[in-house]
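S.K.: Coordinates for the following, if possible.
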Amino acid sequence: MKQAIYKGSDIEKLIPQRAPMMMVSHFFGATETDAETGLKILADNIFCKNNHLTEPGLIEHIAQSAAAFAGYNALQSGEKVVLGFIGEIKKLTINSLPAVGSIIETRIAIVQEVMNVLLMSARSTVDGQTVAECSIKLFMDK
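M.R.: Below is the predicted model:
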């Protein structure tokens with residue numbers, strides 16, 4: 001696995017979610033326009049069923065990855081980390097449901113930013129294979 005700059009409970013600096021709802025376990029890094037996150041799927045994950053992460057779990061992981069990116073950018077700018085709200089998810093494709101023990105790696109990219117609205121693209125992979133991708137719109141509570 002890549003080296004994470006935030007992992008475990010340090011992720012709480014970037015997002016408001018707490019256990020058992022934390023769906024990002026690693027923040028690998030970011031540029032001005034994109035970031036990479038990860039999630040190791042554990043058997044006790046509340047979104048797991050039949051030894052696999054469910055569709056809502058994948059969506060929540062992507063949403064929290066986008067929020068972690070926004071939180072990271074806020075910290076880097078010396079600003080307060082604010083709440084973000086999903087405004088829309090479009091073009092969602094789920095190719096497979098990752099098994100317990102898998103590590104999801106997600107790349108989030110800013111497509112457009114207008115005032116307090118972020119339009120982002122997301123692609124999640126396991127072992128290099130795309131498991132999900134979508135566009136997500138976040139409203140930031142600034």
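
S.K.: ok, now which ones touch Gly38?
M.R.: 1-2, 4, 24-28, 103-106 (Cβ atoms under 8 Å, 6 or more residues apart in numbering). Just so you know, the C-beta spots here come from the backbone N, C-alpha and C atoms, and that holds for glycine as well.

S.K.: let's see it at 6 Å
M.R.: Listed by Cβ atoms under 6 Å, 6 or more residues apart in numbering, the contact set of Gly38 reads 26, 103, 105.

S.K.: Just give me the closest of those residues to Asn95.
M.R.: Minimum distance to Asn95 across these is 14.4 Å, recorded for Glu105 (Cβ to Cβ).

S.K.: In terms of pLDDT, where does the closest one sit?
M.R.: What the model reports for Glu105 is a pLDDT of 98.

S.K.: Okay, and the beta partners of it?
M.R.: Gly38, Thr125 (DSSP bridges).

S.K.: State the number of residues packed around it.
M.R.: Look at Glu105: counted by other Cβ atoms under 10 Å, it has 21 neighbours.

S.K.: With the one 4 residues further on instead?
M.R.: Using other Cβ under 10 Å, Ala109 is surrounded by 15 other residues.

S.K.: For it, which non-adjacent residue is spatially closest?
M.R.: Asp34 (4.2 Å; Cβ to Cβ, 6 or more residues apart in numbering).

S.K.: Make sure the one you found is actually in contact with Ile110.
M.R.: No - the criterion here is Cβ atoms under 6 Å, and Asp34 misses it with Ile110 at 7.0 Å.

S.K.: more neighbours, those two?
M.R.: Ile110 (19 against 14).

S.K.: Enumerate every residue touching the more buried one.
M.R.: Counting by Cβ under 6 Å, 6+ apart, Ile110 has contacts 33, 120.

S.K.: In three-state terms, label it for me.
M.R.: strand (DSSP: H, G, I helix; E, B strand; the rest coil).

S.K.: Return the set of residues that bridge with it.
M.R.: Met120.

S.K.: So it versus Lys7, what's the distance?
M.R.: 23 Å (Cβ to Cβ, to the nearest Å).
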